[in-house]
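Asker: Okay, predicted coordinates and the sequence, questions at the end:
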Amino acid sequence: MNRAGKRAAWAVAAALALAPGAARADAIDEFLLARDNFTAGEFAQAAVQRRRLVGVEPGRGPPARVEPARKYYAAALFSMGQRPQAEQVFEAILRDNPDAALAPSLFSPPLQSLFYDVRQRMLPVLNALRAARIEADEARRRRREAERAAQMALLRGLG
């Protein structure tokens with residue numbers, strides 16, 4: 001594997017180790033084994049190991065740990081010629097994080113092209129997810145303001 005690929009693998013390992021609620025030692029060992037298999041071109045074994053680590057289901061752990069591993073899982077699938085499965089993983093990534101991107105220095109141009117094709121196809125869904133998140137954030141803000149106003153009114157009534 002080239003230097004960029006090795007650098008990416010180490011970056012994902014660091015993200016796993018430093019993420020909130022850092023991964024258990026066995027999960028880190030499994031990640032490192034998957035990384036070694038990926039760099040050795042053993043894509044099938046790396047894909048199996050990464051699927052065990054993160055799967056493709058949304059919300060299976062902290063995004064700082066799951067998203068990078070999912071990207072490498074998709075890369076392994078793509079490298080094995082499993083384009084539809086790689087697309088499914090990219091869809092899961094984008095549903096969890098509509099603003100996700102692939103670093104050009106870490107992933108091949110064909111894989112990036114696939115990722116951006118999936119993103120373009122999902123654009124209406126991603127825009128709806130962004131709008132829903134903005135609306136939920138605004139509702140939380142209004143709720144906090146109402147609670148603060150109620151507390152202030154209560155304190156004024158006591159004073």
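Answerer: That came in fine, so what should we check first? Not measured: the values here are computed from a predicted model.
Asker: Any buried residues in the longest helix seen in the chain, and which?
Answerer: Selection of the longest helix in the chain by residue count, based on DSSP state H, yields helix 123-158. Residues of helix 123-158 classed as buried: 126, 129 (neighbour count, 16 or more other CB atoms under 10 Å). All C-beta atoms are positioned from the backbone trio N, CA, C, and that covers glycine.
Asker: Does anything pack onto it? Which helices or strands?
Answerer: Counting by 3 or more CB pairs under 8 Å, 6 or more residues apart in numbering; DSSP states H and E, the packing neighbours recorded for helix 123-158 are helix 83-96.
Asker: The helix it packs on - contacts with which helices or strands?
Answerer: helix 63-79, helix 109-121, helix 123-158.
Asker: number of nearby residues for Ala86?
Answerer: For Ala86, the number of neighbouring residues by other CB atoms under 10 Å comes to 23.
Asker: Could you check how far it is from Ala131?
Answerer: Remark: distance between Ala86 and Ala131 (CB to CB, to the nearest Å) = 27 Å.
Asker: do Gln120 as well
Answerer: Separation of Gln120 from Ala131 (CB to CB) stands at 18 Å.
Asker: same question, Pro68
Answerer: Using CB to CB, Pro68 is found at 26 Å from Ala131.
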